[in-house]
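1. Here is the input, now give the coordinates:
(one chain, ligands or ions: 3)
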Amino acid sequence: MKVTVGVIKADIGGYVGHSSSHPRLLEKANENLEKAKKSGLLIDYHVTRCGDDLELIMTHRHGPENARVHKMAWDTFVDGTKIAKELKLHGAGQDMLSTAFSGNVKGMGPGVAEMEFEEREAETVLIFMADKTSSGAWNLPLYKMFADPFNTIGLVIASNMHNGFTFEVHDVKEHKKVNFNCPEEIYDMLVLIGAPSRYAVKAVYHRDSGDIAAVSSTQKLSLMAGRYVGKDDPVCIVRSQGYFPAVGEILEPFAFPQLVEGWMRGSHHGPLMPVAVCQSNPSRFDGPPRVTCAGFQLAEGMLVGPRDMFDDPAFDDARSLANKAGEYMRRHGPFEPHRLPLEEMEYTTMPMVMKKLAGRMQEL
Ligand code: F6R
Ligand code: MG
Ligand code: MG
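-> Ligands and ions are numbered 1, 2, ... in the order given. You can find the predicted model right below:
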């Protein structure tokens with residue numbers, strides 16, 4: 001019998017500013033999900049946070065995009081928003097773009113990643129969660145995990161992985177998708193996924209079995225709302241071990257703190273710093289962007305865990321490099337490439353400034 005593993009997440013209020021989450025929001029979410037587990041809707045759950053994002057990790061038997069599961073998650077965000085308003089947390093209800101639930105949280109503000117599969121003899125699942133960055137931030141790490149032999153030696157020396165993986169890539173602006181078979185199509189694929197603000201890896205499949213290996217949230221808040229409402233702060237679920245990359249091969253890409261979009265006012269490039277959950281409190285210049293990882297073994301859908309996967313001194317150098325790269329970027333102040341190009345910035349005064357300058361702008 002298939003199990004569904006899903007993460008539904010939203011920023012429904014920050015504490016303090018956009019730096020972290022108030023414990024009462026996590027308490028309320030735990031209370032609601034416990035009820036959902038007792039009622040049989042969920043097999044199991046784990047509530048956590050990454051920075052100011054509330055993360056609902058859930059297992060059940062109802063398949064992705066199940067209306068009852070999505071409604072329960074939505075109601076949990078609504079309940080949390082009430083508490084956030086009572087405490088006057090910053091940006092209370094920020095990601096709740098709709099006022100009424102309409103069958104599915106997709107397009108309503110929250111981010112979603114869900115996958116359904118037959119649980120293996122031992123089923124290792126890693127859940128990545130990011131704050132102060134956009135969907136598309138998983139492109140580079142997913143490429144390294146599933147297509148780069150310098151990262152994943154299993155692609156070279158494990159016979160059950162040697163035929164490679166298929167990547168499902170979404171054009172988030174034109175709402176199109178295309179599949180690439182790797183390794184033979186990596187050059188074509190990199191043309192697209194090297195531009196993560198437009199193309200995002202939605203899912204990865206094991207070619208021999210067709211089994212799902214990874215899925216990410218690709219919702220773009222700014223495209224949904226048509227205005228700046230905070231960064232997407234995406235999530236990604238990755239299956240591990242056996243004919244999927246080992247835990248260490250999946251974590252390895254994060255030893256390099258790649259530059260991502262986000263950070264202050266969602267309008268800067270900065271390094272993605274891998275941290276333990278307790279350190280996911282982006283505060284320097286509202287950052288730098290963070291990624292956390294909760295690891296689980298599944299047992300008939302029960303979430304055995306989490307293990308806080310970046311709580312390891314082996315990632316100290318990545319954090320230190322992120323701080324150095326962050327400092328280097330910060331020295332550019334309001335200049336590109338620290339600041340995003342004009343068309344990518346989430347906050348802008350450009351129309352206002354151009355209006356003011358209209359009378360003074362002369363032909364060359
Ligand atoms: C970035 C982020 C913060 C805010 C900044 C201003 O994703 O959430 O950097 O953009 O703190 O926040 P507001 O406009 O809410 O005062
Ligand atoms: Mg926020
Ligand atoms: Mg956030």
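
2. Please point out which parts of the lowest-mean-pLDDT helix or strand in the chain sit buried.
-> Lowest mean confidence among the helices and strands of the chain (mean pLDDT, DSSP states H and E): helix 221-225, at a mean of 78. For helix 221-225, the neighbour count (16 or more other Cβ atoms under 10 Å) marks 221-222, 224 as buried. C-beta here means a position set from N, CA and C on the backbone, and glycine is covered the same way.

3. same question, stretch 114-132
-> For stretch 114-132, the neighbour count (16+ other Cβ under 10 Å) marks 114-117, 119, 123-132 as buried.

4. Next: stretch 323-330.
-> 325-326, 329-330.

5. returning to that earlier point: would you turn the buried residues of helix 221-225 into CSV with distance to ligand 3?
-> Below are those laid out as CSV (distance: Cβ to the ion, whole Å):
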residue, distance to ligand 3
L221, 10
S222, 13
M224, 15
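
6. residues near whichever residue of the stretch 151-300 of the chain sits closest to ligand 1, how many?
-> The minimum distance from the stretch 151-300 of the chain to ligand 1, using Cβ to the nearest ligand atom, falls at D286 (3.4 Å). For D286, the tally of surrounding residues (other Cβ atoms under 10 Å) stands at 23.

7. Tell me the one of the buried residues of stretch 114-132 nearest ligand 1?
-> K132 (5.0 Å).

8. residues touching the closest one, list them.
-> 18, 51, 231, 233, 262-263, 266, 270, 282, 286-290 (Cβ atoms under 8 Å, 6 or more residues apart in numbering).

9. Mind picking the lowest-pLDDT entry from those residues?
-> On pLDDT alone, K231 ranks lowest of these, at 82.

10. wait, that residue sits on E344?
-> No: using Cβ atoms under 8 Å, K231 is not in contact with E344; the gap is 11.8 Å.

11. Which positions in stretch 302-320 come out as buried?
-> Neighbour-count burial for stretch 302-320, with 16+ other Cβ under 10 Å as criterion, is recorded at 303, 305-306, 308-310, 315, 318-319.

12. Go ahead and name everything in contact with the helix or strand hosting L251.
-> Assigning secondary structure by DSSP states H and E places L251 in helix 247-251. Helix 247-251 is touched from outside by 124, 126, 145, 151-154, 238, 240-241, 293, 295, 309-310, with contacts defined as Cβ under 8 Å, 6+ apart.

13. Around E184, how many other residues sit close by?
-> Neighbour count of E184, defined by other Cβ under 10 Å: 10.

14. no wait, M189
-> Neighbour tally, M189, other Cβ under 10 Å: 23.

15. same deal with K356?
-> 10.

16. Quick check: which element contains the residue of the stretch 251-364 of the chain found nearest ligand 3?
-> Of all residues in the stretch 251-364 of the chain, P282 sits closest to ligand 3, at 8.1 Å by Cβ to the ion. Under DSSP H and E, no helix or strand contains P282.

17. you'd agree it is up against D53?
-> No: using Cβ under 8 Å, P282 makes no contact with D53, being 10.6 Å away.

18. Between these two, which has more neighbouring residues?
-> Neighbour tally, P282 and D53, criterion other Cβ under 10 Å: the higher count belongs to D53, 32 against 27.

19. Now do the contacts for the more buried one.
-> Contacts of D53 were listed using Cβ under 8 Å, 6+ apart, and they are 9-11, 21, 129, 131, 233.

20. and it, how far is that from ligand 1?
-> 10 Å (Cβ to the nearest ligand atom, to the nearest Å).

21. on that earlier part again, between the contacts of K132, which is nearest K82?
-> H18 (19.6 Å; Cβ to Cβ).

22. Please see if the longest helix seen in the chain touches ligand 1.
-> When the chain is scanned for its longest helix (criterion: DSSP state H), the result is helix 67-86. No: Helix 67-86 lies out of reach of ligand 1 by Cβ under 6 Å from any ligand atom, never closer than 13.0 Å.

23. Can you dump the C-alpha atoms of that helix in CSV for me?
-> C-alpha atoms of helix 67-86 as CSV (Å, rounded to 0.1, in the frame of the first residue of the first chain):
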residue,chain,number,x,y,z
ALA,A,67,-8.4,17.9,-0.4
ARG,A,68,-8.9,16.8,3.3
VAL,A,69,-5.2,16.9,4.1
HIS,A,70,-4.7,20.3,2.3
LYS,A,71,-7.7,21.7,4.1
MET,A,72,-6.4,20.6,7.5
ALA,A,73,-3.0,22.2,6.7
TRP,A,74,-4.8,25.4,5.5
ASP,A,75,-6.9,25.5,8.7
THR,A,76,-3.7,25.0,10.8
PHE,A,77,-2.2,28.1,9.1
VAL,A,78,-5.5,30.0,9.7
ASP,A,79,-5.4,29.1,13.4
GLY,A,80,-1.7,30.0,13.6
THR,A,81,-2.5,33.3,11.9
LYS,A,82,-5.0,34.1,14.6
ILE,A,83,-2.3,33.6,17.3
ALA,A,84,0.2,35.5,15.2
LYS,A,85,-2.2,38.5,15.1
GLU,A,86,-2.9,38.2,18.8
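
24. Output the below-cut-off pLDDT ranges for this protein.
-> Along the chain, segments meeting pLDDT under 70 span 228.

25. domains of it?
-> 1-118, 120-356 (automatic domain parsing).

26. burial of whichever residue of the chain sits closest to ligand 2, as a residue count?
-> Residue of the chain nearest ligand 2, by Cβ to the ion: H18 (3.7 Å). A count of nearby residues for H18, using other Cβ under 10 Å, gives 27.
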